[in-house]
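1. what's the 3D shape of this:
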Amino acid sequence: MTLPGKVLIANRGEVTVRIIRTLRELGIPSVVAYHAMERHGLAAREADKAVEVFGEPPVSAYLNGEAMIEAALRTGADAIHPGFGFLAENADFARAVGDAGITFIGPPPSAIRAMGDKIEAKRLAQAAGVPTLPGSKHALSDAEEAVAEGERIGYPVLLKASAGGGGKGMRIAHDSDGCRDAFVRASQEAKAAFGDGRVFLERYIEKPRHIEVQVLADTHGTVLALGERECSIQRRYQKVVEEAPSPLITPEVRVAMGDRAVALARSVGYVSAGTVEMVADREANFYFLEMNTRLQVEHPVTELVTGIDIVAEQLRIAGGEPLGFGQDDIRIGCHAIECRIYAEDVEAGFIPATGRLNLVRFPSGAGVRVDHGVREGEAVTAAFDPMVAKVIGYGTTRADAIESTRRALSETVLLGTVTNTSFLERVLAHPAFAAGEIDTAFLDDHPEVCEHRPATEEQQRLLIAAAALASPRYERRHTLAEPLASLGEWRP
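-> Predicted structure coming up:
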């Protein structure tokens, strides 16, 4: 039972840099497989070794399992960490890694496959005693069956892709006509996104809260719950702000949710880190949503409140080591809030933005953690997901965590592209967020946080003057009335 000798990270961006950090702390060499577009990116620079993988469009390079395995064999890596996204929940890839004699740092292929089919996952959750929402017991054959199920269960209903995730292939219906249209749209989107157009249906909770439980399981039969995260601030089913613990969940409900999540993980022979996602109503009644068989984007908030390095535990588990702590050892020691920094134009409808990062400055100090994978001079393109960083604030209380996160966001500088940083500041500053009155309809109910408030004319002048004075190219013979005259590359 030993730690991996060398690990190839089959991913890119901030999660790759974050995994490298733990590998370095454990004295394990890292290998990064990169597309040529990211040859000079932070991940390739931070790794002990970087090898090129090929594909067009560029995203296909990170979906090429054969190339990742070949890169691991060529560089002597005896383990592969998939991060999240791309190949992380691909059961065939996990099996191929094992067949090549390489350790897959994640759950067994059987668990990935069982939880990857949402209909089968729901059946397994029911068998494990996890509360589930009323719904169809199998994939719907056509729109008329969807309508019949909707009338049996009662509207509103949610139509969901069986093979899906990330909010794709999901539609809400409030009546029979809406159900027919939702079935067609959800099925088409599921087919396009996952190559599998199967759709099922379940009752929809109006304005639910999205709560998830982090689990860890070793190869010796120990399965533990590391508390919950709340991920209710979403847009188009995509998480934007996550926190731990949830302001809704009481200690008693936390234990109940953890017990059910552990039971589900145990029932499928789960190993490594995983997340059981649930929805909850206003009274904290919770219902199974899905299980993500990988490291989650929002795992840092759990690491901060528990003091447990989840990636390090994944590596130890992959090496056959037992978890060195029990359920009674897990304590929630603080509150943490994570904000996802996207290169996107909020005012224009959250559309992805591009540009070259001419200036990058991230906050530091007490109460702040930043996970990112960008560097100055790097181009943000439309080739990949627009998330560029995660800014996390933490403190003794939720109010402390909000204050730390707001300060961290205000100190985050990414010049050269448009980001959602100001939008995130407005979310955290909203009285409803401060009061913990959040649900998945938060952004719809409070559209003002999505509205850009332009700087006053005086503020604009001050910003221009400060930018000019800070530049080494500024010539002091110019007056502040014409600071841009000496700076050819600057623009308002």
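2. helix, strand or coil for residue 275?
-> Taking DSSP: H, G, I helix; E, B strand; the rest coil as the rule, one finds residue 275 in the strand state.
3. burial of the residue nearest to residue 236 when sequence neighbours are not counted, as a residue count?
-> Using Cβ to Cβ, 6 or more residues apart in numbering and skipping residues adjacent in sequence, the residue nearest residue 236 is residue 167, 5.8 Å away. In short, each C-beta sits where N, CA and C put it, glycine included. Per other Cβ atoms under 10 Å, the neighbour tally for residue 167 reads 16.
4. how close does residue 167 get to residue 232?
-> With distances taken as Cβ to Cβ, to the nearest Å, residue 167 is found 14 Å from residue 232.
5. can you report phi and psi for residue 227?
-> Per-residue torsions, residue 227: phi 80, psi -180 (degrees, to the nearest 10).
6. about what we covered before: quick check: the residue nearest to residue 236 touching residue 237?
-> Yes - using Cβ atoms under 8 Å, residue 167 is in contact with residue 237, at 2.6 Å.
7. now do residue 369 against residue 299, distance only.
-> 12 Å.
8. cool, residue 50 as well?
-> 24 Å.
9. what's the answer for residue 455, then?
-> Taken as Cβ to Cβ, the span from residue 455 to residue 299 is 36 Å.
10. need phi/psi at residue 214.
-> Backbone torsions of residue 214, given as degrees, to the nearest 10, read phi -80, psi 130.
11. and residue 57, by the same measure?
-> According to degrees, to the nearest 10, residue 57 has phi -60, psi 160.
12. pull the number of nearby residues for it.
-> Residues near residue 57, counting by other Cβ under 10 Å, number 11.
13. one more: residue 145?
-> A count of neighbours around residue 145, defined by other Cβ under 10 Å, yields 15.
14. ok, it - contacts?
-> If you count contacts by Cβ atoms under 8 Å, 6 or more residues apart in numbering, residue 145 has them with residue 136.
15. how does the protein divide up, domain by domain?
-> Per automatic domain parsing, the domain ranges recorded for the chain read 7-105, 134-203, 457-486.
16. looking at those domains, which one has the lowest mean pLDDT?
-> Mean pLDDT is lowest for domain 457-486 out of the domains of the chain, coming in at a mean of 65.
17. distance of the residue nearest to residue 236 from residue 147?
-> Distance, residue 167 to residue 147, by Cβ to Cβ: 23 Å.
18. quick revisit: who has more neighbours, residue 455 and residue 299?
-> For the pair residue 455 and residue 299, the greater number of neighbours falls to residue 299 (27 against 11), based on other Cβ under 10 Å.
19. would you check how far apart the residue lying closest to the more buried one once chain neighbours are set aside and residue 171 are?
-> With Cβ to Cβ, 6+ apart as the criterion, residue 299 has its nearest non-adjacent residue at 5.1 Å, and that residue is residue 310. Distance of residue 310 to residue 171, given as Cβ to Cβ: 33 Å.
20. now residue 285
-> From residue 285 across to residue 171, the span is 24 Å (Cβ to Cβ).
21. quick one: which of the two has more around it?
-> Neighbours were tallied for residue 285 and for residue 171 using other Cβ under 10 Å; the higher tally belongs to residue 171 (21 against 12).
22. that one: helix or strand, and which one exactly?
-> strand 170-173 (DSSP states H and E).
23. chain center to stretch 91-110: distance?
-> Taking the mean of its C-alpha atoms, stretch 91-110 sits 22 Å from the chain's own mean (Cα atoms, centre = their mean, to the nearest Å).
24. quick one: the strands in the stretch 1-150 of the chain?
-> Per DSSP state E, counting those that start in this stretch, the stretch 1-150 of the chain carries strands over the ranges 7-9, 30-34, 49-52, 79-81, 103-104.
25. now do the stretch 251-400 of the chain
-> Using DSSP E, counting those that start in this stretch, strands in the stretch 251-400 of the chain cover 272-280, 286-292, 335-342, 344-345, 351-352, 355-356, 359-361, 368-372, 379-380, 387-395.
26. okay, those strands in JSON lines with distance to residue 227 and mean pLDDT next?
-> Formatted as JSON lines, the strands of the stretch 251-400 of the chain follow (distance: least, Cβ to Cβ, whole Å; pLDDT from 0 to 100):
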{"stretch": "strand 272-280", "distance to residue 227": "11", "mean pLDDT": "97"}
{"stretch": "strand 286-292", "distance to residue 227": "14", "mean pLDDT": "96"}
{"stretch": "strand 335-342", "distance to residue 227": "11", "mean pLDDT": "98"}
{"stretch": "strand 344-345", "distance to residue 227": "30", "mean pLDDT": "95"}
{"stretch": "strand 351-352", "distance to residue 227": "33", "mean pLDDT": "94"}
{"stretch": "strand 355-356", "distance to residue 227": "38", "mean pLDDT": "95"}
{"stretch": "strand 359-361", "distance to residue 227": "32", "mean pLDDT": "96"}
{"stretch": "strand 368-372", "distance to residue 227": "17", "mean pLDDT": "98"}
{"stretch": "strand 379-380", "distance to residue 227": "34", "mean pLDDT": "94"}
{"stretch": "strand 387-395", "distance to residue 227": "14", "mean pLDDT": "98"}
